[in-house]
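>>> please find the sequence and the predicted model below.
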Amino acid sequence: MAALHTFTGNIHIMIQQVEISLSPMPRGFHLITRYIEQELPGLPETGLLNILLQHTSAGITLNENADPTVRDDFESFISRMVPENQPYYIHTLEGSDDMPAHIKSSLFGAELTIPITNHRLNLGTWQGIYLCEFRNHGGSRRIVVTIIS
């Protein structure tokens, strides 16, 4: 973890950074909120948490944290929206799931910013952080978390 302290007039800004490695997960949408929270240092009273997924064939998003069928529906929908094995794909050397994974990653995005309030992530009641694994065998994934307070 790295920490940077910046003084701007009477305002003291603290920036902390944590790198998190996620074990390989199967293709699909995986709730990772608790895992990320466990890897974080103590959170400030208020601030912002930025999450960057360092990959171009996976994504990160916020959505329903209670009913796992939502994650199944996401996978069904996005696989129909961006199908594999299409004749118009040119980038095919890494497998039939690779180019669709890059497109899906761009659609979902690789970054989230979440407010911190009272030393906790200020998520809605039913919100959770998803790792969106778009590859059949994506391997481990790296996340950089930056805490600004």
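Nice, thanks for sending it over. Predicted, not measured: the structure shown is a model, and the values here were computed from it.

>>> chain center to the lengthiest helix in the chain, what's the gap?
As assigned by DSSP state H, the longest helix anywhere in the chain is helix 69-81. In terms of C-alpha atoms, centre = their mean, to the nearest Å, the centre of helix 69-81 is found 17 Å from the chain centre.

>>> checking the closest residue to Gly109 other than its chain neighbours next. Helix, strand or coil?
Computed as C-beta to C-beta, 6 or more residues apart in numbering, the closest residue to Gly109 that is not its neighbour in sequence is Gly59, at 5.9 Å. C-beta coordinates here come from the backbone N, C-alpha and C atoms, glycine included. With DSSP: H, G, I helix; E, B strand; the rest coil as the basis, Gly59 sits in strand.

>>> number of nearby residues for Gly59?
Gly59: 23 surrounding residues under other C-beta atoms under 10 Å.

>>> list the helices and strands the longest helix of the chain packs on?
strand 28-31, strand 58-64, strand 127-133 (3 or more C-beta pairs under 8 Å, 6 or more residues apart in numbering; DSSP states H and E).

>>> now render those strands as TSV, adding distance to Ser76 and mean pLDDT.
As requested, the helices and strands packed on helix 69-81 are exported to TSV (distance: least, C-beta to C-beta, whole Å; pLDDT from 0 to 100):
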stretch	distance to Ser76	mean pLDDT
strand 28-31	10	97
strand 58-64	14	97
strand 127-133	13	98
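
>>> that concludes my questions; thank you for your assistance.
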